[in-house]
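Participant: What follows is a predicted protein model with its sequence.
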Amino acid sequence: MKKALFSFIYFKLLGWKAEVSVPDYDKCIICAAPHTTNWDLIIGKLFIGAIGRESGFLMKKEWFFFPLGYLFRWMGGIPVNRSKRTSLVDQTVEMIKKSPKFHLAITPEGTRSANPNWKKGFYFIASGANIPIVLIAIDYHKKCIYANKVITPTGDIDKDMREIKLYFKDFKGKHPEKFDIGEV
């Protein structure tokens, strides 16, 4: 029922397309980019539901106020307190190890503004939990979301991050001027 509803909204009402060739892993980190608008969350959740998959996501705790907090938690949101210096990577790795299924979407830019210095937490989480990174690109120009590349962390973060950034270089966010892969 949920898949049918999300498919109807995503494909029929909004007119988006999907290209998916990656397996539905039991556990993975989803690296989603470009992230240039809050609409990415809505479009991304509709996409994931339309293809019959699920994913949680990290979001700053300030968004989890009443009544939005209930909605975001229902959607799979995990509030993050960015003012505290806690090891979110270690905590997430432990959650993954204890869970039979775990899919977590993370935007590497860490912001909706142009940021050439991508966060690497998603990489360290995947590496620490020994799980793949599924690259999911949202392209507003083509009205399509692509899920057709998987990266297995090799431990050579510079090489792997270069490959990840190069994958995303040609996709257009809603506000293309707010997306920057930096020097690669």
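Facilitator: Alright, I've got the coordinates.
Participant: Strands of the protein, start to end?
Facilitator: Under the criterion DSSP state E, strands of the chain are mapped to 17-20, 27-33, 56-60, 77-80, 102-106, 133-139, 144-151.
Participant: Please identify which of those strands is closest to residue 43.
Facilitator: Closest approach to residue 43 among the strands of the chain (Cβ to Cβ): strand 133-139, 6.4 Å. Every C-beta, even on glycine, is put in place using the N, C-alpha and C of the backbone.
Participant: Which neighbouring elements make contact with the closest one?
Facilitator: Using 3 or more Cβ pairs under 8 Å, 6 or more residues apart in numbering; DSSP states H and E, the elements in contact with strand 133-139 are strand 27-33, helix 39-50, helix 121-129, strand 144-151, helix 157-168.
Participant: I'd like the strands of the chain as CSV, with mean pLDDT and distance to residue 159 appended.
Facilitator: CSV is the format used below for the strands of the chain (pLDDT from 0 to 100; distance: least, Cβ to Cβ, whole Å):
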stretch, mean pLDDT, distance to residue 159
strand 17-20, 98, 26
strand 27-33, 97, 15
strand 56-60, 78, 25
strand 77-80, 76, 28
strand 102-106, 94, 20
strand 133-139, 98, 13
strand 144-151, 98, 10
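Participant: Which among the ones you listed is found nearest to residue 96?
Facilitator: strand 102-106 (4.7 Å).
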